[in-house]
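>>> One predicted model, sequence on top.
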Amino acid sequence: MQKYKLLIVLVIVLVAFLTSCENGISAVESQLNNLTNKANQLDSVINTEMDKVIKLDSIINLEDLKIKKLDSIVEKTSSNLDSILNKYK
């Protein structure tokens, strides 16, 4: 009879222990889901900002090409003016 009482107590303790483990696992899963959601949001923000950086880089490259073309035109014009001035000296 004493062994049965001990067995019943052990079963109750085991059930309580497993229940508390389930609650802990549930809390950990909840925290992991929250972290995953935050990581996904952060990834989305980073991707959006990277797209902006890439667009800005493209605009800078286009403007750089425009400046080089204008510089070339200014150089040609300056050269032409110098040759005209040298003719009439």
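Thanks, I have it.

>>> Distance of S83 relative to K38?
67 Å (Cβ to Cβ, to the nearest Å). Yep, even glycine has a C-beta here, placed from its N, CA and C like the rest.

>>> Can you report phi and psi for N40?
With angles defined as degrees, to the nearest 10, N40 sits at phi -70, psi -40.

>>> what stretches of the protein score poorly on pLDDT?
By pLDDT under 70, the weakly predicted segments of the chain are 18, 89.

>>> Where do the strands of it begin and end?
Across the chain, reading from the start of the chain, there are no strands by DSSP state E.

>>> What separation do you get for the residue nearest the centre of the chain and I60?
When the chain is reduced to its mean C-alpha position, the closest residue under Cα atoms, centre = their mean turns out to be I46, at 2.6 Å. Distance from I46 to I60, counting by Cβ to Cβ: 21 Å.

>>> now L6
79 Å.

>>> Also S20?
For S20, the distance to I60 equals 59 Å [Cβ to Cβ].

>>> Same question for N40.
Distance of N40 to I60, computed by Cβ to Cβ: 30 Å.

>>> Also L35?
When Cβ to Cβ is the yardstick, L35 and I60 sit 37 Å from each other.

>>> And for T48?
As for T48, its distance to I60 is 19 Å (criterion: Cβ to Cβ).

>>> Do a quick rundown of the helices in the chain.
Shown for the chain, the helices assigned by DSSP state H span residues 2-87.

>>> buried set for stretch 37-52?
Residues of stretch 37-52 classed as buried: none (neighbour count, 16 or more other Cβ atoms under 10 Å).

>>> And it, how far out from the chain middle?
Per Cα atoms, centre = their mean, to the nearest Å, the displacement of stretch 37-52 from the mean C-alpha position of its chain is 4 Å.
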